[in-house]
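[1] Got a predicted structure here, sequence first:
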Amino acid sequence: MSDRSSISGATRFWISLATGLVVGAGAGAVSGRWPVGLLTVVIVTAGLSVVWALAVLWPMDADQTRDHASDADVHGDVGDLVLVLILAASLTSIGILLASANDADKAKYAGMSLVAILTVWALLHTMYAARYARIYYQGDVRDIDFNSDAPPRYVDFYYFSFNLGMTYQVSDTDVTTSHLRGEVLKHCLFSYIYGTVIIACTINLVINLVG
């Protein structure tokens, strides 16, 4: 396994967060507005985490996926807390920025808000893709039936996770354990809240402000 792929998901996230804090501090200082800095932290952290994870995990074959997921750290509660904090930070900064923006800045802040929405949405499902792979390969039973004789790769877990995030249900895969059903339920709840409350309200606000 390459040195790049040997870096754990938690380490990648903390490096992404550190980068986001540095860039966000600069953006906040230049703009003179702390919500701009906070939203920049969210965008950079989420965006870098998603791209880095995709570059590392997507190319892995089944054996590499098994080895990588089997060695992954178990931090489910920490991951849930991180997601809640990122969702809260993005919503807070978006709300403050758009509510207080003058006419000259409305379009700029609306654009930042949409970028934040997309990157956080992608981060949510990327984190769950990695979590499903860890549960699958670290457990005593295989919690997901992919209806294939070939062992799953990270691509398959991305498919499973993003499918859940967009439809709130499984399609051509089966969940076989109560433990994983609990994780799927949490994932769907996160997705539903983010999709129907945060995205819908924010897009409506952006349309009203820009229009």
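    All right, it came through fine.
[2] next helix or strand past the biggest helix by length in the chain?
    Criterion DSSP state H: the longest helix present in the chain is helix 106-138. With elements assigned by DSSP states H and E, the helix or strand that comes after helix 106-138 is strand 144-145.
[3] what's the average pLDDT for that next one?
    Strand 144-145 shows a mean pLDDT of 94.
[4] Poorly predicted segments of this structure, please.
    1-6, 74-77, 101, 103, 201-202, 204-206, 208-211 (pLDDT under 70).
[5] wait, isn't Leu38 in contact with Leu91?
    No. Look at Leu38 against Leu91 with Cβ atoms under 8 Å: they stay out of range, at 10.8 Å. C-beta coordinates here come from the backbone N, C-alpha and C atoms, glycine included.
[6] Nearest the geometric middle of this structure, what residue?
    In the chain, the C-alpha nearest the mean C-alpha coordinate belongs to Leu123, at 1.4 Å (Cα atoms, centre = their mean).
[7] which non-adjacent residue is nearest that residue?
    Excluding the flanking residues, the one nearest Leu123 by Cβ to Cβ, 6 or more residues apart in numbering is Ala46, at 4.2 Å.
[8] can you map out the helices along the chain?
    3-6, 9-31, 34-57, 62-70, 76-100, 106-138, 154-167, 178-192, 200-210.
[9] residues near Gly182, how many?
    Gly182 has 11 neighbours, counted by other Cβ atoms under 10 Å.
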